[in-house]
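> need the 3D shape of this:
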Amino acid sequence: MKTVVLPYDELCIEAAGQIIDAYENKPEACFAFSAGEEQEGIYEALAMLCKMKGLRLSRCSIFLVNEYEGIPPNDGRSCAGRLSSLLYGSGVEAEQIIIPGADNISQLDAMIEQRGGI
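Take a look at the predicted model:
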């Protein structure tokens with residue numbers, strides 16, 4: 001593993017580039033994303049780079065690692081809603097984002113395995 005120390009904006013672009021590289025190597029890739037404030041710049045950079053490259057991340061699966069129970073995904077306070085808005089323009093559709101919750105928590109490992117792992 002290589003340690004990279006960059007200013008935040010450059011780090012976001014680098015991380016977004018690595019996500020795009022992984023997607024281009026395996027379009028059905030699974031990603032685990034956190035919707036915390038620290039990662040927002042990465043997702044904004046990802047959407048920007050996708051627009052610049054004319055790339056749509058339409059075949060991948062994104063597993064959220066966190067979500068507020070009881071808040072619907074279309075609510076702006078939800079992690080899924082925030083992530084969807086940050087990724088707007090990247091080609092990621094709401095149905096590609098797997099949201100952890102009481103109804104599927106016991107199935108998440110199997111869902112990840114079915115998609116080839118993260």
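
> looking at the protein, which helix or strand is least sure?
helix 79-86 (a mean of 89; mean pLDDT, DSSP states H and E).

> and the helix or strand just after that helix, how far out from the chain middle?
Using DSSP states H and E, the next helix or strand after helix 79-86 towards the C-terminus is strand 97-98. Centre-to-centre, strand 97-98 and its host chain are 9 Å apart (Cα atoms, centre = their mean, to the nearest Å).

> low-scoring pLDDT stretches of the chain, where are they?
Across the chain, nothing is flagged by pLDDT under 70.

> give me the residue at the spatial middle of it.
Taking Cα atoms, centre = their mean, the centroid of the chain lies closest to F33, which sits 4.5 Å from it.

> backbone dihedrals for that one, both of them.
Main-chain dihedrals, F33, degrees, to the nearest 10: phi -110, psi 140.

> can you tell me the closest non-neighbouring residue to it?
Of all residues not flanking F33 in the chain, I62 sits nearest, at 5.4 Å (Cβ to Cβ, 6 or more residues apart in numbering). C-betas here are computed from N, CA, C, even on glycine.

> so the one you found lies in a helix, does it not?
No - under the criterion used here (DSSP: H, G, I helix; E, B strand; the rest coil), I62 is strand, not part of a helix.

> how far away is it from C12?
17 Å (Cβ to Cβ, to the nearest Å).

> V92: neighbour count?
25 (other Cβ atoms under 10 Å).
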